[in-house]
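Colleague: heads up, no residue letters with this:
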């Protein structure tokens, strides 16, 4: 057995942790049957001390357990500030043999200080050296030293600091933030592969900072730390040339968190002799305006190559024309480490076709709709003006098109403008601080070959921009149309995951909350989502209002009205995500922080009850019949019930037994009212029990979504489950989709439970909408916002719940215990699928499944990680002969009901 990997719950990167305790995890691998029987976690500021007996900062001691996740490490005095820590896991196998992990590291920032020093723009009247600030500068080693700086304006700018080092440091860590977004450079090179750091947050409450390891970049002599600062959502603007910026109030003023772009950084230098040095932002830094004169997050940028100061991030640059930075007050929010994965560039998309609809206009089809940053190389005379437009839809001649007349601004007012410097060589351009979703690119003022009196495009391609979260799943089938749907679903999901989970990277870019919990089961098959969900929970806590209401989006950039502001199937993500983090990742890290907010939200929702427990004021099954608010009592009340259950669960975890009992009783009351008002048991015209809606009060109906919600939320009395399942199947017997985004998830999950892939496929393949395959038949490569042929947005992830069905219903992998500690493999026996294979990197390691079936039987090749247990469904029609091989040797296995039970290893299972 060996320790394959280690990590810290809730953190993707670990350079700048700002907490006094952590929860760690690890994965194990073994070629032979193996089991962990004990572990020990040791943390120290000295790598040499990891093997010592009692000189560490934290030592769990040897703990006899097979637990590998959610292991609390809490030093008695917390973690020291700006300190490098080493940690190691030792596990013992079934033979009591000790196995050590590789040594892990993390760097702390200031766990007990979130505010910056009181050095601001009022220095003339209230110097920071004033006696009233004396206590602030006590214990300074545990407090931030940097100063927010800028030029006092709201246009993009460059900042740089040149400094000399007498010797090369043994370690160099930078902690930095810039609002709205910034790119950090050191000695002429990017500090990392991050794009648009830091993550978007409510800057009045929280400002994220980012950590960078610059050890390999620094040397003795002159060094340069440089930053490029852009607007983002912090100080958004679209006033130049009437460019489009979405978050606008009714009086045509823009939503802003602040009016001055600002930046701070601390560079911590460590030397082998124990000496330490800190270089930080202050008025000695130099600034100047950027060659990017407009940086609008909605893909409107203006960049003038003639203004670009070549070499400004490197040593030896003449900065005599630059001005001294101004100390600024900065944002109001407290500092928090950027715990979620950074945003980075992924796949390279090359044009599949080129058209020239008219002189000076060249159009490109990338062949794939996706969230992108464009890369363009053009050669031409100085001052040449190039316009770039983006679109998810194109006219017949290839020019960009916005099919929704209400959003024509995205066709006419969203564009990038580049002015060439005329160097006589190709000039490269990529947006600095903006992105969009696009498949079609229209470039104006150019040609593709010489002799037309226009600048010439030398190359054009796009890079997919998305979260750096681990890509954990992949699968394929023997059905081409299903594979195409899998690809479209993956691209739709990936194009909406950034420092928050949006539902639209082109039009809104908002942090709508329903997609976080609705798509959690689907997303976790494709992406490592734990750290991002943790950050989103912090966003919701920041967004909560004094009344306890959690709005429908977080961060909340624009106030919405009515149910678009107050809807539990959106805001309830506050209570739902902690349960999902336990289910999929075994992590309780956020519970102490989120529980008080959950209590306040439930108290708020209690004031909205009707008939003693129903909730009926939300958006219903959004997206059905184009955003029709139906089935509110069924859907909103089900989420209310689940939120109460999760609040009780969190109370139990925290040892608050009386409060847990209170919320359990509260949930039971809501369940009783739900069944009293909505469960129909006396309809003589139907042979089954069913749930009705209250859409038309006094009338009964039997809709598939109503049955699916009751079944998936475990709200059906046990004696009625089989009958409600019959009602559900009767409601979908014509294989038509009658749901929006909320209902779709529960419909697919119910069809997974009932092992009916035939119905899902028939629904997806309908000729007319609602239909998934109609999207693809019309040439789309991602999913649209609504069940329409032409939408304003064509990279929406609202309908990506089918992604869960691909992995759970076709590949057959379904988690049971927390974090896949136990899981089921239930292939689609008897279906049209004859060959399916894929994998999911679950929290314990890789689960691999290859499923084949013929007229004689079915074969499963499976790999099961150490620390987990798989239950493989035995097909009813093929259970007479079962052979299980491991390394080509027959092994005896245990069974449990309809399932074969297997532990770690690779197996071949044959049913005949």
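Modeller: Here it is on my side, so go on. Predicted model only: the values in this text are computed from it and were never measured. Numbering: from 1, shown residues only.

Colleague: alpha carbons only for contacts and neighbour counts from here, please
Modeller: Fine.

Colleague: Point to the helix or strand of this protein where mean pLDDT is at its lowest.
Modeller: strand 894-896 (a mean of 85; mean pLDDT, DSSP states H and E).

Colleague: how's this protein carved up into domains?
Modeller: As assigned by automatic domain parsing, the chain contains the domains 2-108, 131-290+323-341, 344-466, 474-810, 822-911.

Colleague: before we move on, back to that, the helix or strand just after the least confident helix or strand of the chain: partners in the sheet, and parallel or antiparallel?
Modeller: Counting by DSSP states H and E, the next helix or strand C-terminal to strand 894-896 is strand 899-902. The pairing partners recorded for strand 899-902 under DSSP bridges are strand 869-873 (antiparallel), strand 894-896 (antiparallel).

Colleague: Strands along the stretch 651-800 of the chain, start to end?
Modeller: Counting by DSSP state E, counting those that start in this stretch, the stretch 651-800 of the chain has strands at residues 679-680, 690-691.

Colleague: Can you add distance to residue 60 and mean neighbour count and give these back as a markdown table?
Modeller: Compiled in a markdown table, the strands of the stretch 651-800 of the chain are given as follows (distance: least, CA to CA, whole Å; neighbours: other CA atoms under 10 Å):
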| stretch | distance to residue 60 | mean neighbour count |
| --- | --- | --- |
| strand 679-680 | 52 | 19 |
| strand 690-691 | 51 | 28 |
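
Colleague: I'd like to know which of those strands is closest to residue 292.
Modeller: strand 690-691 (57.9 Å; CA to CA).

Colleague: now for that closest one, which elements pack on it?
Modeller: Using 3 or more CA pairs under 8 Å, 6 or more residues apart in numbering; DSSP states H and E as the contact test, the elements touching strand 690-691 are strand 679-680, helix 704-712, helix 721-731.

Colleague: repeat that with 6 Å
Modeller: strand 679-680 (3 or more CA pairs under 6 Å, 6 or more residues apart in numbering; DSSP states H and E).

Colleague: ok now the strand it packs on, how far from the chain's centre?
Modeller: In this view, strand 679-680 has its centroid 39 Å away from the chain centroid, taken as CA atoms, centre = their mean, to the nearest Å.

Colleague: How about stretch 750-764?
Modeller: Centre-to-centre, stretch 750-764 and its host chain are 28 Å apart (CA atoms, centre = their mean).

Colleague: Let's test this: mean pLDDT of that stretch, rounded?
Modeller: Averaging pLDDT along stretch 750-764 gives 97.

Colleague: In it, which residues are buried?
Modeller: Residues 750-752, 755-764 are the ones in stretch 750-764 that count as buried (16 or more other CA atoms under 10 Å).

Colleague: Quick one, which of the domains of the chain gets closest to residue 816.
Modeller: Across the domains of the chain, residue 816 has its closest neighbour in domain 822-911 (4.7 Å, CA to CA).

Colleague: end-to-end on the closest one?
Modeller: End-to-end distance of domain 822-911 (CA to CA, to the nearest Å): 22 Å.

Colleague: for stretch 853-869, same thing?
Modeller: Stretch 853-869: ends 24 Å apart by CA to CA.

Colleague: Now do the buried residues in that stretch.
Modeller: Quick answer for stretch 853-869 (16+ other CA under 10 Å): 853, 857-869.

Colleague: how distant is it from the center of its chain?
Modeller: 31 Å.

Colleague: Not counting its own residues, what contacts that stretch?
Modeller: Residues from elsewhere that reach stretch 853-869 (CA atoms under 6 Å, 6 or more residues apart in numbering): 28-29, 821-822, 834, 845, 847-852, 902-912.

Colleague: change it to 7 Å
Modeller: 28-30, 34-35, 820-823, 834-835, 844-852, 870, 878, 901-912 (CA atoms under 7 Å, 6 or more residues apart in numbering).

Colleague: before we move on, the earlier item: wait, which of the strands of the stretch 651-800 of the chain is closest to residue 732?
Modeller: strand 690-691 (13.5 Å).

Colleague: Have a look at this structure and report its longest strand.
Modeller: strand 361-379 (DSSP state E).

Colleague: same for the very next helix or strand once past that one, what does it pack against?
Modeller: Toward the C-terminus, strand 361-379 is succeeded by strand 385-391 as the next helix or strand (DSSP H and E). When contacts are defined as 3 or more CA pairs under 7 Å, 6 or more residues apart in numbering; DSSP states H and E, strand 385-391 packs onto strand 400-401, strand 415-419, strand 436-444.

Colleague: Go through these and pick out the most buried.
Modeller: Most buried of the helices and strands packed on strand 385-391, by mean neighbour count (mean count of other CA atoms under 10 Å): strand 436-444, with a mean of 25.

Colleague: so where's the stretch 1-150 of the chain uncertain?
Modeller: Residue ranges of the stretch 1-150 of the chain with pLDDT under 70: 53-55, 121.

Colleague: Now do the strands in it.
Modeller: So, for the stretch 1-150 of the chain - with DSSP E, counting those that start in this stretch - the strands run 2-8, 15-17, 22-29, 38-44, 58-59, 71-73, 84-92, 98-100, 104-108, 149-150.

Colleague: Any regions of the protein where pLDDT drops low?
Modeller: 53-55, 121, 238-241, 249-254, 627, 878-879.

Colleague: Tell me which residue of it is furthest from the middle?
Modeller: In the chain, the greatest distance from the average C-alpha position (CA atoms, centre = their mean) is reached by residue 684, at 48.4 Å.

Colleague: of all the strands of the stretch 1-150 of the chain, which lies closest to residue 391?
Modeller: strand 149-150 (34.5 Å).

Colleague: Other residues contacting the closest one?
Modeller: 261, 262, 263, 264, 281, 282, 325, 326, 327, 328.

Colleague: Mind giving me the packing neighbours of the longest strand of the chain?
Modeller: Applying 3+ CA pairs under 7 Å, 6+ apart, one finds that strand 361-379 makes contact with strand 353-358, strand 427-429, strand 436-444, strand 456-467.
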